[in-house]
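Trainee: quick check, what structure comes out for this input:
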Amino acid sequence: RMETDCNPTELPNNTGFEEDSDYRDFEGTDVKDMRLEAEAVVNDVLFAVRNMFVSKTLPCAEDVAYINVETRERNRYCLELTEAGLRVVAYGFDQTDDRLQTPYHETVYSLLDSLSPAYREVFGNALLQRLEALKKASQS
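Mentor: Residues are numbered from 1 along each chain as shown. This next block holds a predicted model:
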């Protein structure tokens, strides 16, 4: 049995943290802002797609953001980004289709890999070029 310094039932229900604006600001920085996360995702793979940007018309929140992507094959998708990962929510920009039941992907790489053979090729070539550059740098 684990020893505790205080009985949890003795603690007050409301600690006052919710009302204190200093703590609320701190909590806000603690929770991932999905818009910032979405911007990072876009910056990471923009070179390997035709177009990609965070939606300005669909609502972004701390727990969800939407990303529009056009693959090199000219297919358009709207992606939902949450803590669960990324998934396609529509076949077009700035849309969501509740009937669409697509799987979540842990990474944008995995998602784009499944949608776009051209992405896979461009990303793979970029990876090879970086490896070559590292190899040359280590030899000099």
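Trainee: pull the helix or strand with minimum mean pLDDT from this structure.
Mentor: helix 21-30 (a mean of 42; mean pLDDT, DSSP states H and E).
Trainee: what strand or helix carries the residue nearest to residue 94 when sequence neighbours are not counted?
Mentor: Nearest residue to residue 94, sequence neighbours excluded (CB to CB, 6 or more residues apart in numbering): residue 57, at 4.5 Å. For the C-beta atoms, the positions are set from N, CA and C on the backbone; glycine is no exception. In this assignment (DSSP states H and E), residue 57 forms part of neither any helix nor any strand.
Trainee: residue numbering should commence at 358 henceforth.
Mentor: Fine by me, first position is 358 from now on; the one you just mentioned is residue 414.
Trainee: report the separation between residue 414 and residue 425.
Mentor: 9 Å (CB to CB, to the nearest Å).
Trainee: what touches both of these two?
Mentor: Common contacts of residue 414 and residue 425 (CB atoms under 8 Å, 6 or more residues apart in numbering): residue 451.
Trainee: and the two? which has more neighbours close in?
Mentor: residue 425 (22 against 9; other CB atoms under 10 Å).
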